[in-house]
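J.: Next one to model:
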Amino acid sequence: MKKAAVIHDLSGFGKCSLTAAIPVLSALGVQCCPVATAVLTGQTGYPCYHCTDLTAMLPDYIDAWGKNNAHFDAIYSGFLTGAKQISQVLDFIHHFREEHTFLLVDPVMGDDGNAYPFFTPGLLNGMKELTLKADVITPNLTEACLLADIPEDALLHCRTNTDLLKLAEDVAQRLQKKVPHPQDVVITGVKCRGEKHPVIYNIAATANGIYRHESPFFDRSFSGTGDLFASVLCGCRTKGICTEDAILLAGKFLSHSIGDTMKENTPGRDGEHLRWSSCSVILMNQIVQVERESSVYRGFPLLYTSDIT
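T.: Predicted coordinates for the structure are as follows:
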């Protein structure tokens, strides 16, 4: 069985981070090997939460797993507490990344034009260094703007959905150009309201070009949605599925999950309610279909061919 080291926090409430990654990767047939960056009583959207930073424990993972001759097909990082912890994660990658190891970085820093409470300039600088190492990064538009040094008010200047999508595409290409090796930049959760049928886009910049994948937008926000998306993407890439197809599968899966959650009137901070038996069926059926058709990319309108080399 393929293995993924998942470097993320463990939250008691909110259905996010490791509590999202472990079941999704398991449903995809990938063993999730958790590296806990922090333990929280609940995700940071709750009015009261407590957090224990586990930065000091990361060298123990490196030591023990190195002595146990651990090998990974993928490494996936999410919530990191600060610059010191990012330095330890870079050390982890140095020890365990092999030629075949796929690296996904979800640079958790903010959303909807606002930085999270734990954000610091040191965290941003560390994330910039970490994302340069990755094969795929999955920032939302706020995080992508931070990584690209685009002013915080850029989102406020987007008066139309066309402006918003153009900003996302421009930022994706700007980030891609910063990296000396091939990297897929996936900007997640670009919300386009005001339409007759509101949609949410995932914008992908790959070696093949710029793509948009749209899903219905339910105008609700649920904790852990980005973690679920990144986990599906990580699992699919680990199984050999290309980024474009993996995004398509992740979008379909999230539409099912959000639909189930809304039927039960679950508060947004409690996260998406997932029936894991149906999760396995949905994901595996979609993957079987993709593997049978075995295309380079499908389901995405090609906007224009990338000239990035």
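J.: Can you check my assumption that Arg212 lies in a strand?
T.: Yes: if the criterion is DSSP: H, G, I helix; E, B strand; the rest coil, then Arg212 is within a strand.
J.: That one and Asp135, how far apart?
T.: Distance check for Arg212 against Asp135: by Cβ to Cβ, to the nearest Å, it reads 21 Å. Quick note: C-beta positions are derived from backbone N, CA and C, even for glycine.
J.: swap in Cys51?
T.: Distance, Cys51 to Asp135, by Cβ to Cβ: 29 Å.
J.: One more: Ala64?
T.: Distance from Ala64 to Asp135, by Cβ to Cβ: 26 Å.
J.: of those two, who's got more company?
T.: Set Ala64 next to Asp135 and count neighbours by other Cβ atoms under 10 Å: Asp135 wins out with 18 against 10.
J.: Which residue lies nearest the spatial centre of this structure?
T.: Residue closest to the average C-alpha location in the chain (Cα atoms, centre = their mean): Ala230, at 3.2 Å.
J.: Could I get the contacting residues of that one?
T.: Ala21, Tyr76, Gly78, Leu104, Asp106, Thr138, Thr188 (Cβ atoms under 8 Å, 6 or more residues apart in numbering).
J.: May I ask you to confirm that the third one is in contact with Asp9?
T.: Yes: counting by Cβ atoms under 8 Å, Gly78 touches Asp9, with 7.3 Å between them.
J.: any shared contact partners between these two?
T.: Ser17, Thr37.
J.: Low-confidence ranges, the stretch 201-309 of the chain, go.
T.: Applying pLDDT under 70 to the stretch 201-309 of the chain flags the ranges 219-224, 258-309.
J.: and if we set it to 50?
T.: Along the stretch 201-309 of the chain, the parts satisfying pLDDT under 50 run over 276-277, 281, 295-309.
J.: any chance you could map the strands in the stretch 151-300 of the chain?
T.: 184-192, 199-206, 209-216 (DSSP state E, counting those that start in this stretch).
J.: So what's the gap between the first one and the chain middle?
T.: Strand 184-192 has its C-alpha centroid displaced from the chain centroid by 10 Å (Cα atoms, centre = their mean, to the nearest Å).
J.: what does the last one give?
T.: Strand 209-216 has its average C-alpha position 15 Å from the chain's average C-alpha position, going by Cα atoms, centre = their mean.
J.: That strand pairs with which strands, parallel or anti?
T.: Note on strand 209-216: by DSSP bridges, its sheet partners are strand 199-206 (antiparallel), strand 302-304 (antiparallel).
J.: Specify the angle between the longest one and strand 184-192 in degrees.
T.: Meaning strand 199-206. Interaxial angle of strand 199-206 relative to strand 184-192 (axes from the mean of the first three to the mean of the last three Cα atoms, to 10 degrees): 160 degrees.
J.: which stretches of the stretch 1-150 of the chain aren't confidently modelled?
T.: Applying pLDDT under 50 to the stretch 1-150 of the chain flags no residue at all.
J.: how much space is there between Gln2 and Leu175?
T.: Careful, residue 2 is Lys and not Gln. Lys2 is 27 Å from Leu175, where distance means Cβ to Cβ.
J.: So which of the two has more stuff around it?
T.: For Lys2 versus Leu175, the count of surrounding residues by other Cβ under 10 Å is larger for Leu175: 22 against 16.
J.: Enumerate the beta-bridge partners assigned to the residue nearest to the more buried one when sequence neighbours are not counted.
T.: In this structure, Leu175 finds its nearest non-sequential neighbour in Val185, 4.9 Å apart by Cβ to Cβ, 6 or more residues apart in numbering. With DSSP bridges as the criterion, Val185 is bridged to Ile137, Ala205.
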